[in-house]
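[1] next come a sequence and a model predicted from it.
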Amino acid sequence: MTPTFDDILRRQDLDKEEIKLLLAAEGAQQERLLRRGLEVKLQHLDNCVHLRGLIEYGNVCEKNCLYCGLRRGNDRVERYCLSDEEVLSCARLAHELGYGSVALQSGERSDPAFIDKIEYLVREIKKINGGSLGITLSLGEQTEETYRRWFEAGAHRYLLRIESSTEELYYRIHPKNGRHDFHRRLACLETLMRLGYQTGTGVMVGLPGQSLDHLADDLLFFKRMDVAMVGLGPYIPHPDTPLYRLRDLVPPAGERMDLTLKMIAVLRMMMPEINMVAATANQTIDPQGREKAIAAGANVIMPNLTPGEYRESYFIYPDKACVKDRPDQCKSCLDIRLAAIGHKILYNAWGDSPAFTKKK
Ligand code: 5AD
Ligand code: SF4
Ligand code: FES
């Protein structure tokens, strides 16, 4: 007998056809899927949301990803890099607000000055309140040596999105040259895991030419890699990038939002104990985007701590949420929004994923 939709909803080991069937759900079936994502999360984790205070360290980038506003070829952005004191005061603010962790993110750079500086900053952040802040890095592809130095300095999580796990689609959204190499990116993920980082990856949802086949393969990729964290969010066309030309092939915002939520719910069924980010990009295409992601199975939010005057320069995609809000405003805003969906923030904790802690 062929399994029904609701039979499949009770499974954890899903094959590609089953995943595609779930991702294609609409109406009442879609609602049952999203409820299942929440149910599995509450069974394996709880209703607590972990925060990572986001510090956008700089927007200088050596790469030329076809979708991203920070790409080297975009001369319409004013480039900046935070001073040491600016980074450290963001980190101290994270501690004061009770966020258990910070995430340091920037465009990709591999010059020795940058590598040394990050190592220094990680060590300094670790000195705040006796090492109580967790540190996630999201600084792109680096050598094993660099990853090791940053790990030894005290960073323990690393986010490196694969963007698409299908090589062919990867090269439709990245120029095919030595700087953008699908296999090197995979090798970086493997290195990060081997070094002992709690490693996260992710994809954009709603890319031009992306099908349910691609998205199902992405979910199977996360499972096969056995990553500890995933961040996935909708693709948002940016007018100053080459991929903007294909914007007519991008599904409308509502569909991209639904697809993102379904990806979160299915992934929660497949990997019940991982940490999953409710990406800020969700908020850009739907005012309730992040809460919806939490209610479909995500459990991490990354509120922005970057000093106000730089926020608009970290212009990855248009209409980023909270660009004009102060950190304390975001904090109370999140408390209220999460309470409204029966969730709460877990303050003063690192919030590691049980998927990772158990494996260790
Ligand atoms: N829309 C949505 N997400 C984007 N990113 C980059 N450009 C866009 C865009 N136009 C995401 C990528 C990258 C992270 C820094 O931001 O997934 O990994
Ligand atoms: Fe640079 Fe990352 Fe943007 Fe690519 S996605 S251009 S690596 S900041
Ligand atoms: Fe920033 Fe709501 S989370 S204003």
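    On my side now, so go ahead. Numbering: from 1, shown residues only. Ligands and ions are numbered 1, 2, ... in the order given.
[2] now do stretch 86-102: everything it contacts.
    For stretch 86-102, the external contacting residues (Cβ atoms under 8 Å, 6 or more residues apart in numbering) are 50-55, 57, 82, 104, 121, 124-125, 128-129, 132-136, 157, 303, 305-307, 327-328, 331, 346-351. To be clear about C-beta, it is placed using only N, CA and C from the backbone, and glycine gets the same treatment.
[3] which ones are touching whichever residue of the stretch 201-350 of the chain sits closest to ligand 2?
    The minimum distance from the stretch 201-350 of the chain to ligand 2, using Cβ to the nearest ligand atom, falls at Ile316 (6.1 Å). Ile316 sits next to Cys68, Gly69, Leu70, His238 when contact means Cβ under 8 Å, 6+ apart.
[4] can you pull the contacts of the nearest residue to Thr143 once chain neighbours are set aside?
    Nearest non-adjacent residue to Thr143, counting by Cβ to Cβ, 6 or more residues apart in numbering: Ser110, 7.7 Å away. If you count contacts by Cβ under 8 Å, 6+ apart, Ser110 has them with Glu62, Glu141, Gln142, Thr143, Thr146.
[5] which among these end up buried?
    Among those, those buried by neighbour count (16 or more other Cβ atoms under 10 Å) are Glu141, Gln142, Thr146.
[6] quick check on the contacts of stretch 86-102: which are buried?
    Applying 16+ other Cβ under 10 Å to the contacts of stretch 86-102 flags 50-55, 57, 82, 104, 121, 125, 128, 133-136, 157, 303, 305-307, 327, 331, 346, 349-351 as buried.
[7] give the other helices and strands that whichever strand or helix holds Asp335 contacts.
    Following DSSP states H and E, one finds Asp335 within helix 327-339. With contacts taken as 3 or more Cβ pairs under 8 Å, 6 or more residues apart in numbering; DSSP states H and E, helix 327-339 sits against strand 48-58, helix 84-97, helix 289-295, strand 344-345.
[8] so for the second one, mean pLDDT?
    Per-residue pLDDT over helix 84-97 has a mean of 97.
[9] so does it get close to ligand 3?
    No. Helix 84-97 stays clear of ligand 3 (Cβ under 6 Å from any ligand atom), getting no nearer than 12.2 Å.
[10] what segments of the chain are strands?
    In the chain, the strands defined using DSSP state E lie at 48-58, 101-106, 134-138, 157-159, 198-201, 204-205, 229-234, 275-278, 300-301, 344-345.
[11] how far is the fourth one from where the chain is centred?
    Read it as strand 157-159. Distance of strand 157-159 from its chain centroid, counting by Cα atoms, centre = their mean, to the nearest Å, is 10 Å.
[12] ok, the longest one next?
    On the basis of Cα atoms, centre = their mean, the separation between the geometric centre of strand 48-58 and that of its chain is 10 Å.
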